[in-house]
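# Generate coordinates for the sequence data below:
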Amino acid sequence: MDSCGLLCKYIICFFNLIFAALGIAFLGLGLWLRFGYNTRVIFETSILNSSTFVIGVTVLIVLGVVMLMVVMFGDYGACSGKKCALEVFSVLLFMLAVAEVVVGVLAYARRGEVGERVAEFYNSLYTLFVSTRDVGLGVTLVFIHNMLHCCGVTGIPLVELVQETCPAPSGFAEMIAMHTCPGVIRDFFNYNATMVMGFFVGLGALLITTLVATIILLKQLKKDLTSYAAQYSTVY
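From the prediction side, this is the model:
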């Protein structure tokens, strides 16, 4: 295999390393939310706006499984030089790339509805934590609150039911009232829709880059196989 083929192989392995980490994170979070002692009740009863929560958790699980399947075919094909595995890998990459671009465009076109759905998902997590005080849910809320710099559904630290998960105020005004998380989520999708679309399109571009590397590697393997067959026929 020449230097170009080796470079493509390393690109595929690097991509799979990132994809495996994301797939494990999505699948682990989804399974925890689906089968956790304090969250599985949502899948058994129709409470807490559960439809949005259930859809979100299901998407996490399915996405995690698909990503790990892609990694499995990619690593096996790149490391063992199996054309069949690389062909399946390339098909899955193409489908994911198209899906990423479509999701990005739809998220941009329907940013108001998307923001509302994500805000409902947050409200479900919030309500669950208030009623159960589950440590895992608390860690999730801490991550969301610090990432968005918001505080629960009221934004008032003195009366907020999840005040212990809120970030430290950055000024005197925030000691009285901070931004509410559902409002921040809606505003984020309304005012940063272009950035959200760019993220999905950029991820799609990464997938296409890896797809190109896979196609080049497939051609390299085919060339090597043809060369080997020619040498074998000459000898015998």
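# C-alpha from now on. contacts and neighbour counts both.
Noted.
# Tell me how far residue 174 lies from residue 156.
Per C-alpha to C-alpha, to the nearest Å, residue 174 is found 8 Å from residue 156.
# which of the two has more neighbours?
Remark: of residue 174 and residue 156, residue 156 carries more neighbours, 19 against 16, as counted by other C-alpha atoms under 10 Å.
# which SS class is that one?
Recorded secondary structure, residue 156: coil (DSSP: H, G, I helix; E, B strand; the rest coil).
# Please name the nearest non-neighbouring residue to residue 29.
If the residues on either side of it in the chain are set aside, residue 29 comes closest to residue 60, at 7.4 Å by C-alpha to C-alpha, 6 or more residues apart in numbering.
# and what of residue 116?
Excluding the flanking residues, the one nearest residue 116 by C-alpha to C-alpha, 6+ apart is residue 186, at 6.1 Å.
# which element is that neighbour on?
Residue 186 belongs to helix 181-191 when assigned by DSSP states H and E.
# how many neighbours does the residue nearest to residue 29 have?
When neighbours are counted by other C-alpha under 10 Å, residue 60 comes out with 21.
# Distance of it relative to residue 166?
Using C-alpha to C-alpha, we find residue 60 at a distance of 25 Å from residue 166.
# and the angle for the helix or strand where residue 106 lies with helix 181-191?
Assigned by DSSP H and E, residue 106 belongs to helix 83-109. Angle, helix 83-109 to helix 181-191, by axes from the mean of the first three to the mean of the last three C-alpha atoms, to 10 degrees: 100 degrees.
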